[in-house]
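[1] next come a sequence and a model predicted from it.
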Amino acid sequence: MNTTKIEWAEKSVNILTGCTPISTGCRRCYAAGFGRRLKAEYLKRAPIVDTPQNRANPFALRYWPEKFAEIAARKKPARIFMDSMSDWFHQDVPGDILRNLFTFMVRVSRHTYMILTKRPDRMYGYVLANRGLFPDGVVPGHIWLGTTVEHQSVIGRVDVLREIPAKVQFVSCEPLLGPLELDMRGLSWIIVGGERALGARPMDINWARSLRDQAVREGIPFFFKKHSGCGEKEGQDQLDGCQWHQFPTVNGRVI
């Protein structure tokens, strides 16, 4: 388990690695870049779909179940981003692996687990088919389910997320690549950030302002991560001179 540079989490654990592009937000995927840099390590592990092509691809889906022990060994509660290097709900992730992941999170409940997908349709289908895993059939408040909405063309992901029986549902608008007409009804948290890479596509500050202002009106916690671009600059994590690092309230408590 690693201390992460992702501002809205404290730790990150990659029980799965690897993915394939699904929308425009994937174009400059930082995880794929890490996969190439970690090629020697990743190629030692057989891919989930074991084909010659995937064996030679460091960013093919791979499963690292030994990481469960690292989480269980940590006694101090932490906000853990579960898989910055993959998407749990990729079509090639078997249902038994998903069951292992959710069973573990329900059992080891002292941590807050943050799961982010660009494939909320499968998340929805999985949770509904496996409601027996969760108390009262609802994903509990220490397991946060989120989806990425980087562009208006994928805004439908929010409607799917909203239908999932979960106490915390969040939307990450990162990288924010255009203005969004986002219905925040029922959501627990909004994250906004620009693309962070060489040649990053620019984020208009007014796109971020619009989402912040709507979140404030709706009383929804808002987290501004960073402006677009590469490198660190003064005020990079500020929006109009203020740092917006708000978090959801679960059971009356700010996590």
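    All right, it came through fine. Only a predicted model underlies this, so the values are computations on that prediction, with no experimental measurement involved.
[2] bridged to Phe222, which residues?
    Going by DSSP bridges, Phe222 is paired in beta bridges with Ile190.
[3] burial check on it, number of neighbours?
    Other residues near Phe222 come to 22 when the count uses other Cβ atoms under 10 Å. C-beta coordinates here come from the backbone N, C-alpha and C atoms, glycine included.
[4] what sits up against stretch 89-98?
    16, 19-20, 48-49, 61, 63, 88, 117, 119-120, 122-123, 126, 130 (Cβ atoms under 8 Å, 6 or more residues apart in numbering).
[5] buried stuff in stretch 208-222?
    208, 210-212, 214-215, 220-222 (16 or more other Cβ atoms under 10 Å).
[6] mind listing what's buried in stretch 225-240?
    By 16+ other Cβ under 10 Å, the buried positions in stretch 225-240 come out as 225-229, 237, 239.
[7] dump those residues into CSV; add distance to Gly141 and pLDDT as well.
    Formatted as CSV, the buried residues of stretch 225-240 follow (distance: Cβ to Cβ, whole Å; pLDDT from 0 to 100):
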residue, distance to Gly141, pLDDT
Lys225, 23, 94
Lys226, 27, 93
His227, 31, 92
Ser228, 32, 89
Gly229, 35, 79
Asp237, 27, 91
Leu239, 27, 95
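[8] which phi and psi does the residue lying farthest from the centre of the chain have?
    Here the chain reaches farthest from its C-alpha mean at Pro52, the gap being 29.4 Å by Cα atoms, centre = their mean. Phi and psi for Pro52, reported as degrees, to the nearest 10, are phi -50, psi -40.
[9] then the one 4 residues further on?
    Recorded main-chain torsions at Ala56 are phi -90, psi 0, according to degrees, to the nearest 10.
[10] with adjacent residues omitted, what lies nearest to it?
    Closest residue in space to Ala56, ignoring its immediate chain neighbours: Leu43 at 7.5 Å, by Cβ to Cβ, 6 or more residues apart in numbering.
[11] report how many residues lie close to the one you found.
    15.
[12] from Ala208, how far off is it?
    Distance from Leu43 to Ala208, counting by Cβ to Cβ, to the nearest Å: 39 Å.
[13] now Met82
    Taking Cβ to Cβ, one finds Met82 at 26 Å from Ala208.
[14] list the buried residues for stretch 145-157?
    Buried residues in stretch 145-157, counted by 16+ other Cβ under 10 Å: 145-151, 154, 157.
[15] would you turn these into JSON lines with distance to Glu195 and pLDDT?
    Below are the buried residues of stretch 145-157 laid out as JSON lines (distance: Cβ to Cβ, whole Å; pLDDT from 0 to 100):
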{"residue": "Leu145", "distance to Glu195": "24", "pLDDT": "98"}
{"residue": "Gly146", "distance to Glu195": "18", "pLDDT": "98"}
{"residue": "Thr147", "distance to Glu195": "18", "pLDDT": "98"}
{"residue": "Thr148", "distance to Glu195": "12", "pLDDT": "98"}
{"residue": "Val149", "distance to Glu195": "14", "pLDDT": "98"}
{"residue": "Glu150", "distance to Glu195": "9", "pLDDT": "96"}
{"residue": "His151", "distance to Glu195": "12", "pLDDT": "96"}
{"residue": "Val154", "distance to Glu195": "15", "pLDDT": "98"}
{"residue": "Arg157", "distance to Glu195": "18", "pLDDT": "98"}
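[16] from the residues you listed, which ones fall inside helices?
    Under the assignment DSSP state H, the buried residues of stretch 145-157 contribute Arg157 to helices.
[17] which pair in the buried residues of stretch 145-157 spans the largest distance?
    Leu145 and His151 (20.6 Å; Cβ to Cβ).
[18] I'd like to know which helix or strand in the protein has the lowest mean pLDDT.
    Lowest by mean pLDDT, DSSP states H and E among the helices and strands of the chain is strand 253-254, with a mean of 58.
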